[in-house]
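Colleague: Test case, fold it:
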Amino acid sequence: MFTGMKLTTIGIELNTYLIANNLPLTISKMKIGDGNSDTYDRTLLVSPKMETLVESVTARNNSNLVRATFTNENLQTGFDVREVGIMAVDPRSNEEILYSYDNAGSGDVDFFEAGNGL
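Modeller: Residues are numbered from 1 along each chain as shown. The predicted structure follows:
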């Protein structure tokens, strides 16, 4: 079961830099995968399967609500959705980093069905 997004180690470092330099956070993508991990000291998803651009970010109660839509239209093989990652742009390198992450572990998860091309 997902327990809630948590900042990764590199996400905490980025956040500290942004606050110290009064810079905005730029969230760029959301990724989902079927990997299993219990650590937030990561730079990538364990087993990424899909990614999509973020549609909106809304500040809410000292956190951000990130909205993105995944479609199975071109998905060839279905998978168990066990991990979710939010990517952000590091202004020091202009590279995307894994900003926050959550993993459902080996419990019950949703299965993302393969598409039918329609």
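
Colleague: Find the nearest non-adjacent residue to the residue nearest the centre of the chain, please.
Modeller: Centroid-nearest residue in the chain: Gly85, 1.6 Å away (criterion: C-alpha atoms, centre = their mean). The shortest distance from Gly85 to any non-neighbouring residue, by C-beta to C-beta, 6 or more residues apart in numbering, is to Lys31 (4.5 Å). Quick note: C-beta positions are derived from backbone N, CA and C, even for glycine.

Colleague: Tell me, how many residues neighbour the one you found?
Modeller: Applying other C-beta atoms under 10 Å, we find 21 residues neighbouring Lys31.

Colleague: got it, and the one 3 residues further on?
Modeller: A count of nearby residues for Asp34, using other C-beta under 10 Å, gives 19.

Colleague: mind listing what it touches?
Modeller: Under the criterion of C-beta atoms under 8 Å, 6 or more residues apart in numbering, the contact partners of Asp34 comprise 47, 49, 79-83.

Colleague: roughly how far apart are it and Val109?
Modeller: With distances defined as C-beta to C-beta, to the nearest Å, the gap from Asp34 to Val109 amounts to 8 Å.

Colleague: Residues in contact with both of these two, list them for me.
Modeller: Between them, Asp34 and Val109 share the neighbouring residues 80-82, with contact defined by C-beta under 8 Å, 6+ apart.

Colleague: where along this protein do the helices fall?
Modeller: Listed in chain order, the helices of the chain (DSSP state H) span residues 9-20.

Colleague: show me where it has strands.
Modeller: For the chain, the strands defined by DSSP state E occupy 6-7, 27-33, 48-53, 56-60, 63-67, 79-81, 83-90, 95-103, 110-112.

Colleague: got a list of contacts for the fourth one?
Modeller: Put plainly, it is strand 56-60. 27, 64-67.

Colleague: And the pLDDT for Glu51?
Modeller: Looking at Glu51, its pLDDT is 95.

Colleague: With adjacent residues omitted, what lies nearest to it?
Modeller: If you skip the residues right next to it in sequence, Glu51 has Lys31 as its closest partner in space, 4.4 Å away by C-beta to C-beta, 6+ apart.
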